[in-house]
Each structure stands twice: as structure tokens, then as C-alpha cells.
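J.: this one's sequence-less:
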């Protein structure tokens, strides 16, 4: 009869575990459902904002770049002076000449 005693203890532990899970499960389901509803609301908001941006794209006029005007070249006076710049490593004399 000892076999039935151990079996009953094991079944009691399993049934206690299932009862706890049975009591907790509705709260878990409702928490996940709330998070899912919030995610759906966020996606709908993103979709509306994206639709507004897509509707504004055809209204934008393309920017025409004229190749007739040359781009001014950087002059020597506009270039940063490496020798006068403050840095962690001093510039070598080859860089300054």
C-alpha cells in the first residue's frame, strides 16, 4: 500500500500546482491583453502619421540643381590651419610647411 501513498502525495503536489496556475492565469491573460491593446493603439498612431507624411510627398517640389554655376573652391585662407589648431598631439613641421 505504500505505492498508493507516494502516488497520492505526488498527485496532491501536482493538483496544488495546477490550482495555483488556474487562479493566476486570468490575471496574466488580462495583463497581456492590455499590453497588446496598447501596442495596437501605438501602431495605429504611427500609421496615421505615416499616411500624413506620404500625402505630403507629392506636394513637395523637387529641388533643381543648376550645373551652370560652378561651386566655389575652398581657398587657402578658408582652410583650417593645422599648425595653429589646438590638439593633443603637436603637428610636425612637415605638416606646417
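T.: Good, I have the coordinates. Quick caveat, the model's predicted, so the values are computed rather than measured. Residues are numbered from 1 along each chain as shown.

J.: could you use CA atoms for every contact and neighbour count after this?
T.: Fine.

J.: let me know the average pLDDT across stretch 47-55.
T.: Throughout stretch 47-55, pLDDT has a mean value of 92.

J.: quick one: residues in contact with that stretch.
T.: Around stretch 47-55, nothing counts as a contact under C-alpha atoms under 8 Å, 6 or more residues apart in numbering.

J.: what residues sit buried inside it?
T.: Across stretch 47-55, burial judged by 16 or more other C-alpha atoms under 10 Å covers no residue at all.

J.: could you identify the longest helix within the chain?
T.: The helix spanning the most residues in the chain, taking DSSP state H as the definition, is helix 2-56.

J.: quick check: which ranges of the chain have low pLDDT?
T.: Along the chain, the parts satisfying pLDDT under 70 run over 1-4, 61-97.

J.: switch to 80 and redo it
T.: Scanning the chain for pLDDT under 80 picks out 1-5, 58-97.

J.: tell me the SS of residue 59?
T.: At residue 59 the chain is in coil, as set by DSSP: H, G, I helix; E, B strand; the rest coil.

J.: could you check how far it is from residue 53?
T.: Per C-alpha to C-alpha, to the nearest Å, residue 59 is found 10 Å from residue 53.

J.: got it, and residue 13?
T.: Remark: distance between residue 13 and residue 53 (C-alpha to C-alpha) = 59 Å.
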